[in-house]
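K.L.:
what follows is a protein structure lacking sequence information:
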């Protein structure tokens, strides 16, 4: 019998008094993975780092940036806005609690606190988040292929673009199209067409290895991939692996003018995002390269590094 390993939920404790962190950490470490920060800016840095915390216990009075500002900043960021925040603070006035909840915190606990009550409230909010995450994941999957859908791609693209701009790192996208899919569908029928889409989707998703990479169904027989921290050579390598893996399926395609089997064409685009640059320009270049790949005989990869003005 195989036992499935379960990763502990991660809690970030942000408090400028180390003893408070120790008390909470000791009480929670059996059930949760604990990270901590003693000032607001460090809390913000950890909250944005992978893996994102499942819940944040946040003090209000901290040096550098107070808890209110940390909460406000996290709730304004799509990447972190769904992380539940519980304020744990000595500020016990009604207006303090009202302000914290209006900023988006899910709970407000005043010091001195009762550890059993804190643990019970944390458990409740972790379970609520788990259910929300499950429903959200289901809403972001393509109904036919089971891989991420267009909505999920849009969310990932926005997040990764902002991250790459912040870190001045490479970001690549890949546009993918099944060659002559209409002819396949017309000849073999819609059921076989759906089976083809599902198998190609599974193969494309299996061609990327990093958790940060994302392959989604873009629409019809078109797919798209996001590759963070990937330069043009890396994008070409991933694209060619996808191309070879689909061709290796040896799915018969009697109406193809490329080979006797199902193949794909791919266009990639790479850049280091800069302020003022539209992320959609990256998609436009990838789409143009996909068109060039089709014009060049299909079953190939065409690539451009926008930052360097290099096309391969």
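P.N.:
Received, thanks. Fair warning: this is a prediction, and the values are worked out from it, not measured in the lab.
K.L.:
can you map out the strands along the stretch 201-312 of the chain?
P.N.:
Taking DSSP state E, counting those that start in this stretch as the test, the strands found in the stretch 201-312 of the chain are 214-219, 222-228, 264-271, 301-305, 310-311.
K.L.:
adjacent strands (with direction) for the shortest one?
P.N.:
In this case it means strand 310-311. Here strand 310-311 has these sheet partners by DSSP bridges: strand 301-305 (antiparallel).
K.L.:
can you give me the angle the partner strand makes with strand 264-271?
P.N.:
Here strand 301-305 runs at an angle of 10 degrees relative to strand 264-271 (axes from the mean of the first three to the mean of the last three CA atoms, to 10 degrees).
K.L.:
now do the buried residues in strand 301-305.
P.N.:
301-305 (16 or more other CB atoms under 10 Å). No exception for glycine: its C-beta is placed from N, CA and C like everyone else's.
K.L.:
ok, residue 239 touching residue 312?
P.N.:
No: the pair residue 239 and residue 312 does not pass the contact test of CB atoms under 8 Å, sitting 10.6 Å apart.
K.L.:
would you confirm that residue 79 contacts residue 161?
P.N.:
No: counting by CB under 8 Å, residue 79 stays clear of residue 161, with 11.0 Å between them.
K.L.:
so these two - more neighbours on which side?
P.N.:
Taking neighbours as other CB atoms under 10 Å, residue 79 and residue 161 compare with residue 161 leading, 21 against 18.
K.L.:
elements contacting the helix or strand the more buried one falls within?
P.N.:
Residue 161 is located in helix 150-167, with elements delineated by DSSP states H and E. When contacts are defined as 3 or more CB pairs under 8 Å, 6 or more residues apart in numbering; DSSP states H and E, helix 150-167 packs onto strand 171-178, strand 214-219, strand 222-228.
K.L.:
which of those strands sits closest to residue 112?
P.N.:
Closest to residue 112 of the helices and strands packed on helix 150-167, according to CB to CB: strand 222-228, at 43.7 Å.
K.L.:
and for residue 251, the neighbour number?
P.N.:
Neighbour count for residue 251, taken as other CB under 10 Å: 21.
K.L.:
which intervals of this structure have sub-threshold pLDDT?
P.N.:
Applying pLDDT under 70 to the chain flags the ranges 1-6.
K.L.:
the helices in it, which residues?
P.N.:
Using DSSP state H, the helices of the chain run over 18-28, 40-47, 67-75, 94-102, 115-139, 150-167, 181-188, 190-206, 232-247, 280-295.
K.L.:
and the angle from the last one to strand 264-271?
P.N.:
This points to helix 280-295. Using the same axes, to 10 degrees, helix 280-295 lies at 150 degrees relative to strand 264-271.
K.L.:
can you list the residues that contact helix 280-295?
P.N.:
157, 161, 171, 173-177, 179, 224, 265-269, 271, 273, 300-304, 306, 311 (CB atoms under 8 Å, 6 or more residues apart in numbering).
K.L.:
out of those, which are buried?
P.N.:
In terms of neighbour count (16+ other CB under 10 Å), the buried residues within these are 157, 161, 171, 173-177, 179, 224, 265-269, 271, 273, 300-304, 306.
K.L.:
starting at the chain centroid, how far to stretch 172-182?
P.N.:
Relative to its chain's centre, stretch 172-182 lies at 21 Å (CA atoms, centre = their mean, to the nearest Å).
K.L.:
thank you kindly, that will do.
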